[in-house]
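S.K.: need a 3D model of the following:
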Amino acid sequence: MMRNLFALILLCASVVSQAKENITIIYAYNIADSVANYHRALTIEANAIQDKYLFIFDARPGAGGSIASNYVLNTPNTILAHSTAFFIRPNVYPKESYDLSSFKELFNHCTASMAVTSVKYKSWKDVPAKTVTVGISGLGVTTHLAALQLQKNLPNMDIIPFKSTTDSMFSMIGANTDFHIGFISEAEQWTKKNKSAVNNGAVNILGITGTKAVSGYPTLVSAGFPQAFSQMDVGHHLVIPVGRFSDEKARELYDIFGKAAKSKSVRDAYAVDFCNPAETPYSELQNWYSFHTEYWKKLSTGIDLESASK
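M.R.: The predicted structure is shown next:
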């Protein structure tokens with residue numbers, strides 16, 4: 001009797017498990033990136049607070065996020081996890097990327113400053129007049145725009161594209177490139193602030209985007225770099241193909257992610273990168289999407305791919 005009861009319990013558990021709808025969140029860059037932790041934490045918490053969906057976290061890095069974007073566009077039950085670099089790539093590679101009108105906004109995480117870092121140089125005054133290199137997370141993305149702005153003050157700077165900020169960071173740590181553009185938490189793993197850093201104090205944070213200093217790090221604008229840096233903080237968000245989910249289902253997913261994003265684990269993940277929670281109302285999501293479509297198009301107009309070295 002007990003054996004039959006136990007078998008019935010297992011059967012019921014199996015039926016419940018199979019009843020869940022699997023939805024995969026596809027991150028556009030290296031799964032080891034600090035930003036990936038936002039999406040990973042959100043996935044874990046979203047699974048913990050409901051039992052209707054099983055969210056799975058995965059990544060498809062490469063081509064400035066185009067690989068992940070096109071994968072989601074062509075794969076059922078997937079959601080794209082990207083940064084606001086999502087809005088830049090189609091303006092630079094209109095034939096090799098994706099159509100922004102094919103997607104719609106689902107959820108906004110937060111907005112964070114980017115940081116320019118170096119192992120070789122402790123301050124801008126130490127940078128020589130000779131040729132130097134800066135690593136970025138791909139062509140036609142936010143870090144590329146930032147590097148082009150750096151070139152206005154440092155015309156001898158060559159731009160080296162990688163698949164992610166993690167790859168770019170390790171290139172700089174290995175002294176293969178002189179500078180790196182990424183996020184604060186990536187750099188703090190290697191700075192004096194982190195007493196357990198592998199190369200304690202090796203990485204210097206020379207400046208950040210935005211209008212305010214963060215954790216003592218000065219802004220790039222205050223160091224004399226172009227004013228464009230004041231508006232180059234990066235947003236992190238989730239998008240879906242148009243028609244992928246009904247409006248009712250999209251709203252349901254938004255509510256799940258919105259609740260999950262208020263958990264301590266997700267807010268702690270934001271805090272590592274000093275990423276300010278967005279909390280965009282569902283009714284305003286498409287206005288936000290439209291604004292960023294136009295904003296980044298304007299900022300990336302005239303981008304010169306010849307300025308990037310491969």
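S.K.: what is the burial count for Asp255?
M.R.: The local packing of Asp255 (other CB atoms under 10 Å) involves 13 other residues. Using the backbone N, CA and C atoms, a C-beta is placed for each residue, glycine as well.
S.K.: now it: closest residue in space that isn't a chain neighbour?
M.R.: Tyr282 (7.9 Å; CB to CB, 6 or more residues apart in numbering).
S.K.: what residues are up against that neighbour?
M.R.: Taking CB atoms under 8 Å, 6 or more residues apart in numbering as the criterion, Tyr282 is in contact with Arg251, Tyr254, Asp255.
S.K.: what segments of the stretch 1-150 of the chain are strands?
M.R.: 21-27, 53-59, 78-83, 103-112, 114-118, 132-136 (DSSP state E, counting those that start in this stretch).
S.K.: among these, which comes closest to Tyr270?
M.R.: With CB to CB as the criterion, Tyr270 lies closest to strand 103-112 of those, at 4.9 Å.
S.K.: state the mean pLDDT of the closest one.
M.R.: Averaging pLDDT along strand 103-112 gives 96.
S.K.: against which helices or strands is it packed?
M.R.: helix 36-48, strand 234-241, helix 247-260, helix 264-272, strand 276-277, helix 285-299 (3 or more CB pairs under 8 Å, 6 or more residues apart in numbering; DSSP states H and E).
S.K.: partner strands of that strand, parallel or antiparallel?
M.R.: Its sheet considered, strand 103-112 pairs with strand 234-241 (antiparallel), strand 276-277 (antiparallel) by DSSP bridges.
S.K.: and the contacts of that strand?
M.R.: Contacts with strand 103-112, where a contact means CB under 8 Å, 6+ apart, come from 35, 38-39, 42, 69, 73, 79-80, 183-184, 233-242, 250, 253-254, 257-258, 261, 270, 273-280, 285-286, 288-289.
S.K.: now stretch 42-49
M.R.: By CB under 8 Å, 6+ apart, the residues outside stretch 42-49 that reach it are 25, 53-57, 109, 256-257, 259-261, 263, 265-266.
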